[in-house]
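>>> generate coordinates for the sequence data below:
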Amino acid sequence: MSETDETQQAAERSHVGVERVKTVLRQSGVEPRVRWFETATPTAASAAAELGVEVGAIANSLVFTIDGEPLLVMTSGAHRVDTGFLGERLGGRIRRADADTVKAATGQTIGGVAPVGHPAPLRTVVDVALADYPEVWAAAGHAHTVFPTTFDELLRLTGGDPLPVEPSEV
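Below you'll find the predicted structure:
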């Protein structure tokens, strides 16, 4: 590959959201190991298939609102967030955020929302089921990217609360 091709490929593999995520990871003492895919992997199933891992090892970043404030829920790809159940645990009413709310709260678009790299810290819940995997994969700020991490590191990076997100986990 020529130097020009390498420069062009590096430019194509750059995105403001991904760069923000990498910056936060470095500032937190984590070497960013962002992996880019040729096609978008906006679902846990598609990311798991690309990586060759169980769907439960995908840390979905889902944005909700709780009493009108953004709430990031990092859930195992094998789970659905039971908003009534989680809302009771958190003491509020949870609703799925619309695309504009997601973008405003995270600076990222649905399908590529990372656990970090947002304009301001978000209240975060980390699904306790992710602790079952020695390595989990989270979006890195773009629908074509992921990075490996662990349950404990997600808690540390996000300041999140470890909670079940559905009754079957209790």
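
>>> need the contact partners of stretch 145-159.
Around stretch 145-159, the neighbours that count as contacts under Cβ atoms under 8 Å, 6 or more residues apart in numbering are 15, 18, 21, 24-25, 28, 30, 32-37, 41, 47, 51, 59, 72, 74, 112, 114-116, 121-122, 124, 126, 130-131, 133-140, 160, 162. Any C-beta I mention is one placed from the backbone N, CA and C, and that applies to glycine too.

>>> and what of stretch 101-113?
With Cβ under 8 Å, 6+ apart as the criterion, stretch 101-113 contacts 17, 20, 40, 42, 61-63, 65, 70, 72, 97, 99, 114, 117-119, 122, 139-145.

>>> buried ones among these?
The neighbour count (16 or more other Cβ atoms under 10 Å) marks 17, 20, 42, 61-63, 65, 70, 72, 97, 114, 117-118, 122, 139-145 as buried among the contacts of stretch 101-113.

>>> for this protein, what's the longest helix?
If you go by DSSP state H, the chain has its longest helix at helix 16-27.

>>> elements contacting the helix or strand that that one is followed by?
Moving toward the C-terminus from helix 16-27, the first helix or strand encountered (DSSP states H and E) is strand 35-36. With contacts defined as 3 or more Cβ pairs under 8 Å, 6 or more residues apart in numbering; DSSP states H and E, strand 35-36 has these neighbours: strand 145-149.

>>> next one: the following helix or strand past the strand it packs on to chain centre, how far?
Note on strand 145-149: by DSSP H and E, the next helix or strand toward the C-terminus is helix 151-158. Centroid separation for helix 151-158 versus its chain: 11 Å, with Cα atoms, centre = their mean, to the nearest Å.

>>> among the contacts of stretch 101-113, which are in strands?
61-63, 65, 70, 72, 139, 145 (DSSP state E).

>>> am I right that residue 48 is in a strand?
No - checked against DSSP: H, G, I helix; E, B strand; the rest coil, residue 48 lies outside a strand; its state is helix.

>>> pull the contacting residues for it.
Applying Cβ under 8 Å, 6+ apart, the residues contacting residue 48 are 54-55, 57-58, 77.
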